[in-house]
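# Fold the following and give me the result.
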Amino acid sequence: MSAAEVTEKLVGAVKAIPGLRPATPIAEEATTWLPWDWDGFAVELTAELVEIRLIATRLPLPPLLARATEAVRPLLAGTEWEKATLRLVVTDIDGAAFSGGQSDPGHTIG
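Numbers count the residues shown, from 1 in each chain. Sure, this is the predicted structure:
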């Protein structure tokens, strides 16, 4: 399986977890006309490390990160990243996390 395929699967798994979303570059908002898979920028794959950068829209974080680990780790089985360390990095907490999930998901505290 290619890096692009694994990245797509990892992003899909994260997006399926209520309360988490991939952390995309700020430039996404200003350049939405570019044909990029912005969510894929949240994933970095190396032989030693699989890092997924996330934005939390709910709290508490530990159960969300546990669910993400459970969803993501099996997707690496049988790939060249199977034995890599998995690192989930919460880069931001959306204001919705503090108001029970009711704010616009495009607005974050930063």
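# helix or strand right after the longest helix seen in the chain?
Ranked by residue count under DSSP state H, the longest helix found in the chain is helix 61-76. Downstream of helix 61-76, the first helix or strand assigned by DSSP states H and E is strand 85-94.
# Show me what the residue nearest to the spatial centre of the chain is bridged to.
With distances taken as CA atoms, centre = their mean, P22 lies nearest the centre of the chain, 3.1 Å away. Note on P22: beta-bridge partners L54, judged by DSSP bridges.
# hang on, it packs against D39?
Yes. With contact defined as CB atoms under 8 Å, P22 and D39 form a contacting pair (4.3 Å). For glycine as for every other residue, the C-beta is placed from the backbone atoms N, C-alpha and C.
# Could you name every residue contacting both of those two?
Here P22 and D39 have 11, 15 as joint contacts, going by CB atoms under 8 Å, 6 or more residues apart in numbering.
# shaky segments in the protein?
Low-confidence segments of the chain, defined by pLDDT under 70, are located at 26-37, 100-110.
# 90 instead?
1, 24-41, 94-110 (pLDDT under 90).
# Now find how far off-centre the helix or strand harbouring E51 is within its chain.
Assessed by DSSP H and E, E51 sits inside strand 49-56. In terms of CA atoms, centre = their mean, to the nearest Å, the centre of strand 49-56 is set 5 Å apart from its chain centre.
# List of residues touching that strand?
For strand 49-56, contacts defined as CB under 8 Å, 6+ apart pick out 10, 14, 19-23, 42-44, 64, 68, 72, 76, 81, 84-94, 97, 108.
# ditto for stretch 57-73
With CB under 8 Å, 6+ apart, stretch 57-73 has contacts from 10, 13-14, 16-21, 50, 52, 54, 56, 86, 88, 90, 93-94, 96-98, 101, 105.
# Show me how to select, in ChimeraX, the buried members of those residues.
To isolate the buried members of the contacts of stretch 57-73 in ChimeraX, using 16 or more other CB atoms under 10 Å:
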select :10,13,14,17,19,20,21,50,52,54,56,88,93,94,96,97
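# what about A71, neighbour count?
Using other CB atoms under 10 Å, A71 is surrounded by 17 other residues.
# what about it, distance to P25?
Distance, A71 to P25, using CB to CB, to the nearest Å: 23 Å.
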